[in-house]
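*Asks:* coordinates for the following, if possible.
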Amino acid sequence: MASVADILSELSDHGFTDTSTARKLSVINDTIQDICSREPWPFLEKSITLTFDGTNTTPSNFPSDFRASLKLVDTNTGRVLEWNRLDDFDEAIATATAQLTQGAPYAYYFVGSTLYVWPVPPATATVRMRYLSVPVDVTDTTDDATLATIFPRRHQRVITLGALWKLYDMEDDPDIAVRFQSNFEARMQTMRQDLWRHQYDKADSVHISDADMLDDAWQDW
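*Replies:* Numbers count the residues shown, from 1 in each chain. Modelled structure (predicted):
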């Protein structure tokens with residue numbers, strides 16, 4: 001269990017007393033973002049109920065911390081929306097899209113990081129989206145309880161190791177930097193093994209989805 005102040009203190013214990021707090025915080029945040037961007041970590045999962053205004057295919061309340069979608073479900077019909085590449089979507093239903101048909105959504109796609117569903121949902125539509133979030137930056141006043149909402153307590157040591165690797169590299173001390181990079185990557189592997197397995201009584205299985213389902217739906221329109 002640690003606060004950001006504890007991590008800053010340990011960085012100073014390693015000799016980075018002359019490095020400004022702002023610089024050390026920048027490295028800590030860079031390390032957190034580095035770690036979080038490597039995997040679809042379960043601790044980054046969130047859920048939101050998206051709402052619509054009845055005239056647009058984009059939701060009215062798209063989350064600002066969005067990184068990637070996991071699953072979208074129409075809460076009125078129970079239907080799971082199918083993701084599509086933008087070019088495939090354009091080719092499959094270009095004519096129907098031009099008509100701006102309104103109805104219960106069954107497909108979604110992205111233009112950049114902007115989410116679009118199809119067809120245009122009515123104002124009564126709600127879509128539950130599970131998604132991966134981007135963690136907020138920490139500050140020198142971020143306490144242990146707040147840090148634990150961003151990053152699992154039992155693996156916070158990896159933040160310190162990553163920050164030390166980056167700081168030693170910044171100080172042109174490659175030998176020590178490589179040592180801490182190795183420690184960082186080893187701890188990352190431990191974190192992967194720990195966070196991706198929550199049960200041992202049943203073997204994992206391959207999730208099978210019906211790719212023809214959306215094609216059949218398109219043909220109905």
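
*Asks:* may I see the buried residues of the strand or helix carrying residue 128?
*Replies:* For residue 128, the element it lies in under DSSP states H and E is strand 126-133. Across strand 126-133, burial judged by 16 or more other C-beta atoms under 10 Å covers 127, 129, 131, 132, 133. To be clear about C-beta, it is placed using only N, CA and C from the backbone, and glycine gets the same treatment.

*Asks:* show me what the second one is bridged to.
*Replies:* Each beta-bridge partner of residue 129 is listed here: residue 48, residue 72, as defined by DSSP bridges.

*Asks:* hmm, it is touching residue 47, no?
*Replies:* Yes. Taking contacts as C-beta atoms under 8 Å, residue 129 lies within contact range of residue 47: 7.0 Å.

*Asks:* residue 41 - how many residues pack around it?
*Replies:* Residues within reach of residue 41, counting by other C-beta atoms under 10 Å, total 20.

*Asks:* phi, psi of it?
*Replies:* Residue 41 has phi and psi values of phi -60, psi 140 when expressed as degrees, to the nearest 10.

*Asks:* show me the contacts for it.
*Replies:* 132, 195 (C-beta atoms under 8 Å, 6 or more residues apart in numbering).

*Asks:* can you tell me how far the residue nearest the centre of the chain is from residue 190?
*Replies:* Among the residues of the chain, the one closest to the centroid is residue 132, at 2.8 Å (C-alpha atoms, centre = their mean). Distance, residue 132 to residue 190, using C-beta to C-beta, to the nearest Å: 21 Å.
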